[in-house]
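Novice: Output the structure for:
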Amino acid sequence: MKTNQPKSSTKFYTIPQIAESVESCERTVRRWIKKKLLVAHYFNGMVRISDADFQAFLATHRDR
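Specialist: Numbers count the residues shown, from 1 in each chain. Model (predicted):
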């Protein structure tokens, strides 16, 4: 059976996952989102960060 929906290979992370990976707290990650330093996507009330946006954030803020 064929579907017309494209397959999404984009990986998304939760705020706790991002916080853990950068050894920070969730509150800090939420501040980055609020300040638009880190792009967040909202799906049915859930906040997710794409791998591409996270990698871009890391590249930009690596030395801070």
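Novice: Return the backbone torsion pair for Lys36.
Specialist: Phi and psi for Lys36, reported as degrees, to the nearest 10, are phi 60, psi 30.
Novice: so what's it scoring on pLDDT?
Specialist: Per-residue pLDDT puts Lys36 at 97.
Novice: Determine the longest helix present in the protein.
Specialist: In the chain, with assignment by DSSP state H, the single longest helix is helix 51-61.
Novice: pLDDT of that helix, averaged?
Specialist: 95.
Novice: What helices and strands are in contact with that helix?
Specialist: strand 12-13 (3 or more Cβ pairs under 8 Å, 6 or more residues apart in numbering; DSSP states H and E). For the C-beta atoms, the positions are set from N, CA and C on the backbone; glycine is no exception.
Novice: what's in contact with the strand it packs on?
Specialist: Ser21, His41, Arg48, Ile49, Ser50, Asp51, Phe54 (Cβ atoms under 8 Å, 6 or more residues apart in numbering).
Novice: Out of those, which two are the most distant from each other?
Specialist: Ser21 and His41 (17.3 Å; Cβ to Cβ).
Novice: Could you say which helix or strand holds the most centrally placed residue in the chain?
Specialist: Centroid-nearest residue in the chain: Ile49, 1.6 Å away (criterion: Cα atoms, centre = their mean). Assigned by DSSP states H and E, Ile49 belongs to strand 46-50.
Novice: thinking Cys25 is in contact with Ala19, fair?
Specialist: Yes - using Cβ atoms under 8 Å, Cys25 makes contact with Ala19 at a distance of 5.7 Å.
Novice: Comparing the two, which shows the higher neighbour count?
Specialist: Counting neighbours by other Cβ atoms under 10 Å for Cys25 and for Ala19 shows that Ala19 has the greater number, 18 against 13.
Novice: Just the buried positions in the strand or helix carrying that one, please.
Specialist: For Ala19, the host element (DSSP H and E) is helix 15-21. Under the neighbour-count criterion of 16 or more other Cβ atoms under 10 Å, helix 15-21 has Ile15, Ile18, Ala19 buried.
Novice: Out of the residues you listed, which is nearest to Thr60?
Specialist: Once Cβ to Cβ is applied, the member of the buried residues of helix 15-21 that ends up nearest Thr60 is Ile18, at 14.5 Å.
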